[in-house]
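S.K.: Predicted structure and sequence below. I'll ask about it afterward.
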Amino acid sequence: MTAQKMMAILVLLLVLGCIYSLYPPSQKLKLGLDIRGGLHMNLAVDRDKMQGKTDQEIADAADRALEILRNRVDGLGVSEPVLEREGTDGIVIQLPGLTDIKRAREVILSTAQLEFRLVSTDYRLSDYLNKDGKVDIEKLPKGITYFPGTEDREYLCGDVLLKGDSLVDAQVTTNSYGKAIISFKLNADGGHKFGILTGDNIHKQLAIILDGKVYSAPEIQSRIPGGSGIIEGSFTDEQARDLALILRAGALPAPLKVTGQFQVGPTLGADSVKKGTWAAIYGLILVLIFMAVYYQISGIIANVGLLVNLIFLMGCLALLKATLTLPGIAGIILTLGLSVDSNVLIFERIREELKTGKTIRSAIDAGYHRALVAIIDTHVTTLISAAVLFQFGTGPIKGFAVTLSLGVALSLFTAVVITKMIFDARKEYQSLSI
Amino acid sequence: MFQWFKEPKIDFMKPRRFFLGLSGIACMAGVYAIVLLYQGKANLGTDFGAGVLLRMSSQKSVEIDPIRQSLKGEGFPEAQIQQVKDDSSNVFKLIIKIKHDPSKGVGSIGEEVLTVFNKNFPDAHFSMDGSDEVGPAVSQKLREDATKAFMIAMFGILVYIAWRFDFRFAVAAIITTFHDILVILGFVILTGREFNLLQVTALLTLAGYSLNDTVVNFDRIRENMRLLLKDQTFAGLVNLSVNETLSRTINTSLTVFLTLLPLCVLGSDTLKDFAVTLLAGVIVGTYSSVFVASPILVEWNLLSGPKKQS
């Protein structure tokens, strides 16, 4: 078998391989957030609330926060979440396929500061109201703090007696009425303190406070020795599950603030992809028709190269598990136009060589040979831009840089080598349709 | 053999001063656009100007004015509201842009606006298709990254030009590339289109692409110079070269034009803007190879006085 035939078979195998790796496309192609839908959040440690901390301390806090958030996000049921650190104080979270933004924000942003305090019996709320009927914080005596509760309740509480860092577990169960409640377990030291706290304060109300809100304030019936208890409040099943999740994962070591948030709903992404794909198909058809009409049979050969380019490009995306984004689709469309440019340069050169009286065979060879320099030049400049865009671009734009550079690089092979192979299949030409 | 022109003999160099002047004015537009950018008067996307972009849709159409009033009343006095025309479905779609309010947190504005809408227009059942909420720290970083990317890409391209071409060709190529970028930047900013990261991407891609055409022309000019055509003025030689590569120039641009055209018509709004900018860039890039790059070579040659071709 000649080298030519071997090459041809190799190319055919590659094409089949790419087609195989692409089926079914919705599973084999990794899709970006702008296509799949989901949530992208940029968070940063809130430096305003962390005055006087060094950069290293802030970075450490962000590192710990990342791990805690990872545990929390695990419980949201998102497949392939991405959590990364960014810079000194930043965290990036990507949750593909997430639809309930509100719930995700609550789970992520909750600082989960758990406190146990006693509801004050010595001081009454009604003594400290100002003209609007709201509690006047300034007037409160020392050691007493105001907390809002669930269902518009309000409380005055004493000092912190126990904090959430003693918590080792929190699980959702149901009480005798079938309502969701959270049962928690404290560590040995916390359990000991809890026993003393409950033993000394029977018949007083124990306020269980999470992130500055009283979720439950049951009356202490007896001393609780085992370091476990329940939080009974008016939560839905889902709220209880999320709360238990947050408690288990632990409190955030520093308050975080959102610096950027990007959300794409599922219909928006699907709609944009549909439009983009049709635009690509129509664009491809227009180019195929143009090449066939202007350069006739040679144009059709160029079209074969173009189609192979497209198949190779999509195959590479699937095999490299590169993320396809909406601008990435634009990159594919641009590749289609650019790769066939190489053939235009070659064919125009062949036409010129034919005019100088060369044989058809040598005109073809000369055309390919002479056009090659210009073709490589055009690829270099496009690749420079694509490389910079990949380095500095955000996710969607990286997707564009990837499809454009892959497509353009592959076109060197498909537009030049493969089409030459097809031309070389015939040794002698009586005439050339170009 | 199908050809646009059999043996073109168009005199492109004769009107060159007119076109150079025209290009100069277009560049001024680009410079003005940069000034507007710095003054913050350009239409910036959330990438570069902190703020919120919401895409909402509803089952029933609602008049824009009542929407604006309801937003004004709830603390969003400067919301920009735009209806998105979508031929493929009957759903009423809106795009709402709100500038960043430092007193409000990032990320919760979408929820707030949705609540306002459902309170004031309950029958419409508004829902959020997508939202971008960007705080000042992130938009500043994106601005810095975009500027860095632009400078590095331009530097890379300049290095490439310097390595590839002789001095006067290099200068002509550089001026042509900057011309293309300025003109397209002027087009985007002065027509009020949204300027965001994707537009910067289009500009950078263009910068690389417009050079392709110029390279093809210059290669032919150099080839013809080597052939030492005796009874040709330099202008004549350049003109001949441009004519010889005319089909090439037209067709390479036409293929890219044809592939991008459907995206300009059918694409979703951000992709559509992207494609239109690229398309404009292809047209300007083609124009500039013939009417900017080559004339600069001719003028340079005239300025350096009659010399033996080297």
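M.R.: On my side now, so go ahead.

S.K.: so who does residue B:235 touch?
M.R.: Going by C-beta atoms under 8 Å, 6 or more residues apart in numbering or on different chains, residue B:235 touches B:13, B:298, B:301-302. (Each C-beta comes from the backbone N, C-alpha and C, glycine too.)

S.K.: For it, give its distance to residue B:79.
M.R.: Look at residue B:235 and residue B:79: by C-beta to C-beta, to the nearest Å, they are 57 Å apart.

S.K.: One more: residue B:113?
M.R.: 8 Å.

S.K.: starting at the chain centroid, how far to stretch A:166-176?
M.R.: 32 Å (C-alpha atoms, centre = their mean, to the nearest Å).

S.K.: Give me the buried positions along it.
M.R.: Using 16 or more other C-beta atoms under 10 Å in any protein chain shown as the test for burial, stretch A:166-176 gives A:166-167, A:170, A:172.

S.K.: again, but for stretch A:149-158
M.R.: Buried, per 16+ other C-beta under 10 Å, within stretch A:149-158: A:149, A:155-158.

S.K.: what's the answer for stretch A:414-424, then?
M.R.: For stretch A:414-424, by 16+ other C-beta under 10 Å, it's A:414-416, A:418-420, A:423.

S.K.: Dump the residues you listed to JSON lines, plus secondary structure and distance to residue B:258.
M.R.: JSON lines is the format used below for the buried residues of stretch A:414-424 (DSSP: H, G, I helix; E, B strand; the rest coil; distance: C-beta to C-beta, whole Å):
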{"residue": "A:414", "secondary structure": "helix", "distance to residue B:258": "19"}
{"residue": "A:415", "secondary structure": "helix", "distance to residue B:258": "16"}
{"residue": "A:416", "secondary structure": "helix", "distance to residue B:258": "21"}
{"residue": "A:418", "secondary structure": "helix", "distance to residue B:258": "22"}
{"residue": "A:419", "secondary structure": "helix", "distance to residue B:258": "19"}
{"residue": "A:420", "secondary structure": "helix", "distance to residue B:258": "24"}
{"residue": "A:423", "secondary structure": "helix", "distance to residue B:258": "24"}
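
S.K.: how's chain A carved up into domains?
M.R.: A:3-34+A:266-424, A:105-263 (automatic domain parsing).

S.K.: Quick one, which of those gets closest to residue A:60.
M.R.: Checking the domains of chain A against residue A:60 by C-beta to C-beta gives domain A:105-263 as the closest, at 8.1 Å.

S.K.: tell me how far the ends of the closest one are from each other?
M.R.: 12 Å (C-alpha to C-alpha, to the nearest Å).

S.K.: near chain B, anything from it?
M.R.: Yes: using C-beta under 8 Å from any C-beta of the partner chain, domain A:105-263 reaches chain B at A:105, A:257-263.

S.K.: Tell me which of these fall in strands.
M.R.: A:257-263 (DSSP state E).

S.K.: Can you tell me which of the residues you listed lies closest to residue B:267?
M.R.: residue A:262 (19.4 Å).

S.K.: and that closest one, bridged to which residues?
M.R.: residue A:40, residue B:132 (DSSP bridges).

S.K.: Just give the nearest non-adjacent residue to residue A:151, would you?
M.R.: In space, and not counting its chain neighbours, residue A:151 is closest to residue A:234: 6.2 Å by C-beta to C-beta, 6 or more residues apart in numbering or on different chains.

S.K.: Residue A:32 now?
M.R.: residue A:325 (3.5 Å).

S.K.: give me every residue that touches that neighbour.
M.R.: A:31-35, A:395-400 are the contacts of residue A:325 under C-beta under 8 Å, 6+ apart.

S.K.: if you set the cut-off to 10 Å instead, what comes out?
M.R.: A:30-36, A:273, A:331, A:394-400, A:402-403 (C-beta atoms under 10 Å, 6 or more residues apart in numbering or on different chains).

S.K.: From those, which land in helices?
M.R.: A:33-36, A:273, A:331, A:395-400, A:402-403 (DSSP state H).

S.K.: ok, and of these, which contact chain B?
M.R.: The subset of the ones in helices among the contacts of residue A:325 within reach of chain B, by C-beta under 10 Å from any C-beta of the partner chain, is A:34, A:273, A:331, A:396-397, A:400.

S.K.: can I get these in JSON lines with pLDDT, neighbour count and distance to residue B:271?
M.R.: JSON lines is the format used below for those (pLDDT from 0 to 100; neighbours: other C-beta atoms under 10 Å in any protein chain shown; distance: C-beta to C-beta, whole Å):
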{"residue": "A:34", "pLDDT": "90", "neighbour count": "26", "distance to residue B:271": "10"}
{"residue": "A:273", "pLDDT": "91", "neighbour count": "19", "distance to residue B:271": "10"}
{"residue": "A:331", "pLDDT": "95", "neighbour count": "28", "distance to residue B:271": "11"}
{"residue": "A:396", "pLDDT": "90", "neighbour count": "22", "distance to residue B:271": "10"}
{"residue": "A:397", "pLDDT": "92", "neighbour count": "24", "distance to residue B:271": "12"}
{"residue": "A:400", "pLDDT": "95", "neighbour count": "27", "distance to residue B:271": "10"}
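
S.K.: Need those in CSV (columns: distance to residue B:50).
M.R.: Output for those, formatted as CSV (distance: C-beta to C-beta, whole Å):
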residue, distance to residue B:50
A:34, 20
A:273, 29
A:331, 28
A:396, 19
A:397, 19
A:400, 24
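
S.K.: wait, which of those is closest to residue B:9?
M.R.: The nearest one, if we look at these relative to residue B:9 and count by C-beta to C-beta, is residue A:331, at 39.1 Å.
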